[in-house]
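> need a 3D model of the following:
(2 chains)
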2 protein chains.
Amino acid sequence: MNILLIEQHELVDNRVLLHDRRAEHLVKILKSREGDTVRVGVIDGAMGRAEIVSLKCRYPFMAELLVEFAGEAPPPLPNIDLLLALPRPIMLRRILSQAAALGVGSVTLVNAGRVEKSFWNAQIMAKGAWREHLLHGLEQGVDTRVPQVELQRRFRPFVEDVLPARVKKYSHSLVAHPDASSGLGAVVPSSPARTLLAIGPEGGWGDFEIKQLRAAGCIPFTMGPRILKVDTAVVALHSRLTFLSEIYESTRAVS
Amino acid sequence: MNILLIEQHELVDNRVLLHDRRAEHLVKILKSREGDTVRVGVIDGAMGRAEIVSLKCRYPFMAELLVEFAGEAPPPLPNIDLLLALPRPIMLRRILSQAAALGVGSVTLVNAGRVEKSFWNAQIMAKGAWREHLLHGLEQGVDTRVPQVELQRRFRPFVEDVLPARVKKYSHSLVAHPDASSGLGAVVPSSPARTLLAIGPEGGWGDFEIKQLRAAGCIPFTMGPRILKVDTAVVALHSRLTFLSEIYESTRAVS
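Prediction:
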């Protein structure tokens, strides 16, 4: 936990009282003491510093913080949204957490031929159950902005009726596909303003799905001959995209 | 499993008989049948295709394969070696698997101030216990070359006596460090021939450790303001390095 996140309503007169895992984390992991300062953020809000004015170090743990906001800003948010074939629950947890740590605007989870039906009924798919994994990622990556999560349980209506209009909002809409002939640098030849990145299920998108995604405006690209697990692919591709933006921007700064 | 890996000694007259998890995987996950063809690789050797000539689909599972080698080559191996502060065991497993899938030459695990002593006594640290995780990664990424793993239980003798000579074998030796002022593109201004990438423990290298790594010839660089878990950082940085090579090579091809 590199930033302690609180809800807006928990903040009363710049004070917050914690009774849950956050108080326990201060005691057990960070080994904090009264008088220490920790980094604090309001979920979807400001970042600041808090003094631990009171701390109960035994169960039930309790911490009282006095928060000060000095205009500290969260790190730049990469202009990347994810479109993922719904991964298996254990992998979804890891992906949401890593995506939030790396920074994304939204994650759309869509059905696909190789998505097992049972994944849609997993505990993490209950309304809002995924939020804690996003918050873990924000706590790791030091951010306060919770990515939006959207569920699309039917591939075809989504790709035919929703996606074509949505793609227009992006400078680049891309789909990772091993059979594509172009690499990322070729399909994103200048600094991307806002990118939609589609990544398939374990085993890949089906031929029909790729055709539909292309028809909706997504450009296929290859990331090389190695087949990666979905969670590895999300980190690897997010990383390449943000790096590409950095390179284009530094080149522009020079010229 | 995108390639079935076998040991050289298991191959007799181009035939191999499987009784273990690999036979079970063919039956249960790949739902193979007699007559099907699967991709096969000899560990640290050639890649080929095998016909399943006989398959027992109930416990105890058994598969007999007839292998044919047609000169298929494994994917290019990125010229990257890792130097990692020993991560906690559960994370080490994931890192080894992901590193093997992405492709690395070697992984050196070194002690550091923020490495818990107990990590050195974990089950995975018993001689060769890490190999199965490397093989899982190769099976995922479709490669046969097992990365070398080396243990360095004492930071200072390693960094003072071993590392300076080793660094000379690399075109670039880099250490990820949040306080560094330069990004990866700035410290690797041309196509890297062979890179050593050092990544610290959760909580980061200590000031003295960074000083010692610099003295040994490692150049610090920053990957931005976000703090990533070590496994996320390994994938993100490996990805950026291989992408940088791709970009430099495509630029050279154009000019």
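
> quick check: residues of chain A near chain B?
Within chain A, the residues that sit near chain B (C-beta under 8 Å from any C-beta of the partner chain) are A:2, A:75-76, A:98, A:101-103, A:140-143, A:183-186, A:224-229, A:232, A:235-240, A:242-244, A:246-247, A:250. From N, CA and C alone the C-beta is placed, and that goes for glycine too.

> give me the buried entries from those.
Buried subset of those (neighbour count, 16 or more other C-beta atoms under 10 Å in any protein chain shown): A:2, A:98, A:101-103, A:140-143, A:183-185, A:224, A:226-229, A:232, A:235-240, A:242-244, A:246-247.

> for A:V230, phi and psi?
Main-chain torsions, A:V230, degrees, to the nearest 10: phi -60, psi -40.

> for it, what are its contacts?
Neighbouring residues of A:V230 by C-beta atoms under 8 Å, 6 or more residues apart in numbering or on different chains: A:84-85, A:87, A:91, A:95, A:199-202.

> same thing but at 7 Å, please
If a contact means C-beta atoms under 7 Å, 6 or more residues apart in numbering or on different chains, then A:V230 has A:87, A:91, A:95, A:199, A:202 as its contacts.

> helix, strand, or coil at A:I95?
Following DSSP: H, G, I helix; E, B strand; the rest coil, the label given to A:I95 is helix.

> what does the one 3 residues further on give?
At A:Q98 the chain is in helix, as set by three-state DSSP.

> any idea how far it is from B:V234?
12 Å (C-beta to C-beta, to the nearest Å).

> equivalent analysis for A:Q123, please.
With the distance defined as C-beta to C-beta, A:Q123 ends up 29 Å from B:V234.

> between those two, which one's more packed in?
B:V234 (28 against 8; other C-beta atoms under 10 Å in any protein chain shown).

> without its sequence neighbours, what residue ends up closest to that one?
B:I95 (5.3 Å; C-beta to C-beta, 6 or more residues apart in numbering or on different chains).

> could you list the domains of chain A?
As assigned by automatic domain parsing, chain A contains the domains A:4-72, A:80-254.

> out of these, indicate the one that is most buried.
Sort the domains of chain A by mean neighbour count, taking mean count of other C-beta atoms under 10 Å in any protein chain shown, and domain A:80-254 sits at the top with a mean of 19.

> what residues does the residue nearest to A:K168 when sequence neighbours are not counted make contact with?
Excluding its sequence neighbours, the residue lying closest to A:K168 (C-beta to C-beta, 6+ apart) is A:G217, at 7.6 Å. Shown in contact with A:G217 (C-beta under 7 Å, 6+ apart): A:164, A:167, A:173.

> 10 Å instead?
By C-beta atoms under 10 Å, 6 or more residues apart in numbering or on different chains, the contact list for A:G217 reads A:163-168, A:170, A:173, A:175, A:196.

> nearest to chain B, of these?
Chain B has its nearest neighbour among the contacts of A:G217 in A:V175, at 17.8 Å by C-beta to the nearest C-beta.

> quick one: the helices in chain A, in order.
A:21-28, A:89-102, A:131-141, A:155-157, A:163-167, A:184-187, A:207-215, A:230-254 (DSSP state H).

> mind checking which of the domains of chain A is nearest B:A112?
B:A112 lies closest to domain A:4-72 among these, at 18.3 Å (C-beta to C-beta).

> so what's the closest residue to A:L102 other than its chain neighbours up against?
Closest residue to A:L102 apart from its sequence neighbours, by C-beta to C-beta, 6+ apart: A:H238 at 5.0 Å. Residues counted as contacts of A:H238 (C-beta under 10 Å, 6+ apart) are A:78, A:80, A:82, A:98-99, A:102-104, A:195, A:197, A:199, B:232, B:235-236, B:239.

> ok, of those residues, which one's closest to A:V16?
Out of the contacts of A:H238, the member with the shortest distance to A:V16 (by C-beta to C-beta) is A:G103, at 24.8 Å.

> give me the pLDDT for A:D13.
pLDDT, A:D13: 95.

> so it versus chain B, what's the distance?
Remark: distance between A:D13 and chain B (C-beta to the nearest C-beta, to the nearest Å) = 30 Å.

> and that residue, backbone torsions?
phi 50, psi 40.

> contacting residues for it?
A:66-67.

> repeat for A:V146
By C-beta under 10 Å, 6+ apart, A:V146 lies in contact with A:5, A:43-44, A:100, A:131, A:134-135, A:137-138.

> again, 6 Å this time
Applying C-beta atoms under 6 Å, 6 or more residues apart in numbering or on different chains, we find A:V146 in contact with A:44, A:134.

> distance of it relative to B:P189?
Distance of A:V146 to B:P189, computed by C-beta to C-beta: 38 Å.

> before we move on, what about A:L11?
Taking C-beta to C-beta, one finds A:L11 at 46 Å from B:P189.

> check A:L84 too.
Counting by C-beta to C-beta, the gap from A:L84 to B:P189 is 35 Å.

> so which of the contacts of A:G217 is the closest to B:S32?
Among those, and counting by C-beta to C-beta, the member closest to B:S32 is A:V175, at 28.7 Å.

> show me where the stretch 51-200 of chain A has strands.
A:62-72, A:80-85, A:106-110, A:148-152, A:172-176, A:195-199 (DSSP state E, counting those that start in this stretch).

> switch the ones you listed over to CSV; also include distance to B:L30.
As requested, the strands of the stretch 51-200 of chain A are exported to CSV (distance: least, C-beta to C-beta, whole Å):
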stretch, distance to B:L30
strand A:62-72, 51
strand A:80-85, 20
strand A:106-110, 25
strand A:148-152, 29
strand A:172-176, 23
strand A:195-199, 22
